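K.L.:
missing the sequence, but the structure's below:
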């Protein structure tokens, strides 16, 4: 494994559910990343279609694909042609009535080397994902929080809402992840005022930088950009806030995109820095694993009741 890699996060606007058209645009952006020297490319959450989870509509299950479906095949061809490690995101049909929000990792001509099914599923206004997605399995062959071995290192792939949970980041780090990777689809409700919008985006950036710091590993975040109307025709839609970024193991920014631009945003990541940072900030050494049993409980205050 090289001690230094060039990585790219792809930030893309999506204005239709035409997968061929959207993946053509994705392929062009990946080519731009490769021309900048990218060896690892991360795509945003559900990049082949619009963000349909703004509404609950059974017709959108038609967008789901098996793991080896069209989106995977296109991405596998792209990864092989450019000899890169590629992290893709898709709406997976695992079985009739069983669907996941799934990331796959492709390593050049080796094809698929790993799969991660989103573990934390939101259910909020404009983000009705529990209607569509089953959480990933905690046990079994494709169990959650297991990093994927690739030529550029072990990738701790998580998806969007997973990015708010320190437990998920920690478990990936404890399993040996060299970096944390978050395909994302998050944005503003246009009804929120500017101050609230800024608070939300700052919180999103801060929590992920904190995962980098607390675990001593780089973090790569690829988010959507652009405005998408609610598929129902009612509601305010979502203004995806872009701001894709890569941070180093002390939370330092290696790059940050703006909120509006599409593009392939690249940075060099020195993986050896994680070793050096962990030597001066040995959080893993000083963890009190003998005192953390209660982390597996839902709530503790009930114990105070008579």
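P.N.:
Everything's here; your move. Since the structure is predicted, the reported quantities are computational estimates derived from the model, not experimental observations.

K.L.:
Need the residues that contact whatever helix or strand residue 202 lives in.
P.N.:
Taking DSSP states H and E as the definition, one finds residue 202 inside helix 194-215. Under the contact criterion CB atoms under 8 Å, 6 or more residues apart in numbering, helix 194-215 has outside partners 163-164, 166, 169-170, 172-173, 177, 180, 182, 186, 188, 192, 218-219, 221, 241, 243, 245, 247-251, 259, 281, 283. Yep, even glycine has a C-beta here, placed from its N, CA and C like the rest.

K.L.:
residues of stretch 207-222 that come out buried?
P.N.:
Neighbour-count burial for stretch 207-222, counted by 16 or more other CB atoms under 10 Å, picks out 208-209, 211-222.

K.L.:
How about residue 153: which residues does it bridge to?
P.N.:
Following DSSP bridges, residue 153 is listed with bridge partners residue 150.

K.L.:
just checking, it touches residue 4?
P.N.:
No. With contact defined as CB atoms under 8 Å, residue 153 and residue 4 do not form a contacting pair (10.9 Å).

K.L.:
what residues are shared contacts of the two?
P.N.:
Common neighbours of residue 153 and residue 4, using CB under 8 Å, 6+ apart, are residue 271.

K.L.:
So for those two, which residue has more residues nearby?
P.N.:
Neighbours per residue (other CB atoms under 10 Å) separate residue 153 from residue 4, with residue 153 holding more: 24 against 11.

K.L.:
show me what contacts that one?
P.N.:
Residues in contact with residue 153 (CB under 8 Å, 6+ apart) are 1, 5, 178, 179, 271.

K.L.:
where does the second one sit relative to residue 280, distance-wise?
P.N.:
For residue 5, the distance to residue 280 (CB to CB, to the nearest Å) stands at 23 Å.

K.L.:
who's more crowded, these two?
P.N.:
It is residue 5, of residue 5 and residue 280, that has more neighbours when counted by other CB under 10 Å, with 22 against 8.

K.L.:
need the helices for the stretch 151-300 of the chain, in chain order.
P.N.:
Secondary structure of the stretch 151-300 of the chain, counting by DSSP state H, counting those that start in this stretch: helices at 166-174, 194-215, 272-280, 283-286.

K.L.:
Any stretches of this protein with poor pLDDT?
P.N.:
Applying pLDDT under 70 to the chain picks out residues 1-2, 140-141, 303-306.

K.L.:
at 90 instead, please
P.N.:
Counting by pLDDT under 90, the chain contains low-confidence residues at 1-3, 138-144, 189-191, 231-236, 301-306.

K.L.:
quick revisit: by how many degrees do the helix holding residue 202 and helix 166-174 diverge?
P.N.:
Interaxial angle, helix 194-215 versus helix 166-174 (axes from the mean of the first three to the mean of the last three CA atoms, to 10 degrees): 30 degrees.

K.L.:
Turn the buried residues of stretch 207-222 into CSV, including distance to residue 297.
P.N.:
Shown next, in CSV, are these (distance: CB to CB, whole Å):
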residue, distance to residue 297
208, 25
209, 28
211, 22
212, 27
213, 26
214, 21
215, 23
216, 27
217, 27
218, 31
219, 28
220, 32
221, 30
222, 34
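
K.L.:
coming back round to it: which of the contacts of helix 194-215 are buried?
P.N.:
By 16+ other CB under 10 Å, the contacts of helix 194-215 give 163-164, 169-170, 172-173, 177, 180, 182, 186, 188, 218-219, 221, 241, 243, 245, 247-251, 259 as buried.

K.L.:
Take the residues you listed and keep only those in strands.
P.N.:
Using DSSP state E, the subset of the buried ones among the contacts of helix 194-215 located in strands is 180, 182, 188, 219, 221, 241, 245, 247.
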